[in-house]
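**Q** Fold the following, please.
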Amino acid sequence: MLAAHFGFNNYFNEIEPMAILAQLGTAIPKPAFAKSMEATLAVWLGNHWGYSWSAESHAEKVLNSLRAEQWSYYINECLRSDRTVLDKLVDDNPTRRWIQLATRFGFADIQARHRPVRKLLEASIKEVVGLVQERAQELRKGVED
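**A** Numbers count the residues shown, from 1 in each chain. Down below sits the predicted model:
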């Protein structure tokens, strides 16, 4: 999925692998959860040019199927090391879509245990694009390449 997202003609090439991932529903095994979320969010957030409209519906299916516990797990255990998502949050379009996620999936109700993640969620809930980007950059500095 990520190879398609970062490759040539990504908007077209994301559709099939995202559809396959969406068919798994909530049956994503825990060891694969972080990578599955990374790929799903990469597609849904898009890049500074936009996002794949055709792959978006499949990404939405995955996001909509997540339970509150799964969102909490992603926020607390995966986000702070998710280079792909954190790198996307320096561009305005992906950041605006991240803010939509924060509102839509109740990030305000998630108790983030890691202080920098908590600060990112707070900025997301306040819907301040520049502050979200700043907080994401702070988190990104702590992730090894």
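**Q** Could you use CA atoms for every contact and neighbour count after this?
**A** Fine.
**Q** Can you point out the buried residues in stretch 24-44?
**A** Neighbour counts using 16 or more other Cα atoms under 10 Å place 28, 33, 34, 36, 37, 38, 39, 40, 41, 42, 43, 44 of stretch 24-44 among the buried residues.
**Q** Report the separation between the first one and residue 36.
**A** Taken as Cα to Cα, to the nearest Å, the spacing of residue 28 relative to residue 36 amounts to 8 Å.
**Q** Which ones among the buried residues of stretch 24-44 lie within strands?
**A** The strands in this structure, assigned by DSSP state E, contain none of these.
**Q** could you redo those as TSV and give each row pLDDT?
**A** Rendered in TSV, the data for the buried residues of stretch 24-44 read as follows (pLDDT from 0 to 100):
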residue	pLDDT
28	76
33	91
34	93
36	89
37	93
38	94
39	90
40	92
41	95
42	93
43	90
44	92
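**Q** Distance to residue 95 added to the residues you listed, as a markdown table?
**A** Supplementary listing: those in a markdown table, determined by distance: Cα to Cα, whole Å:
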| residue | distance to residue 95 |
| --- | --- |
| 28 | 26 |
| 33 | 22 |
| 34 | 20 |
| 36 | 20 |
| 37 | 16 |
| 38 | 15 |
| 39 | 16 |
| 40 | 15 |
| 41 | 11 |
| 42 | 12 |
| 43 | 13 |
| 44 | 11 |
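**Q** if we take those residues, which one ends up nearest to residue 121?
**A** Using Cα to Cα, residue 41 is the member of the buried residues of stretch 24-44 that lies nearest residue 121, at 15.5 Å.
**Q** how many neighbours does the nearest residue to the closest one once chain neighbours are set aside have?
**A** By the measure of Cα to Cα, 6 or more residues apart in numbering, the closest residue to residue 41 outside its immediate chain neighbours is residue 85, 6.8 Å from it. The local packing of residue 85 (other Cα atoms under 10 Å) involves 25 other residues.
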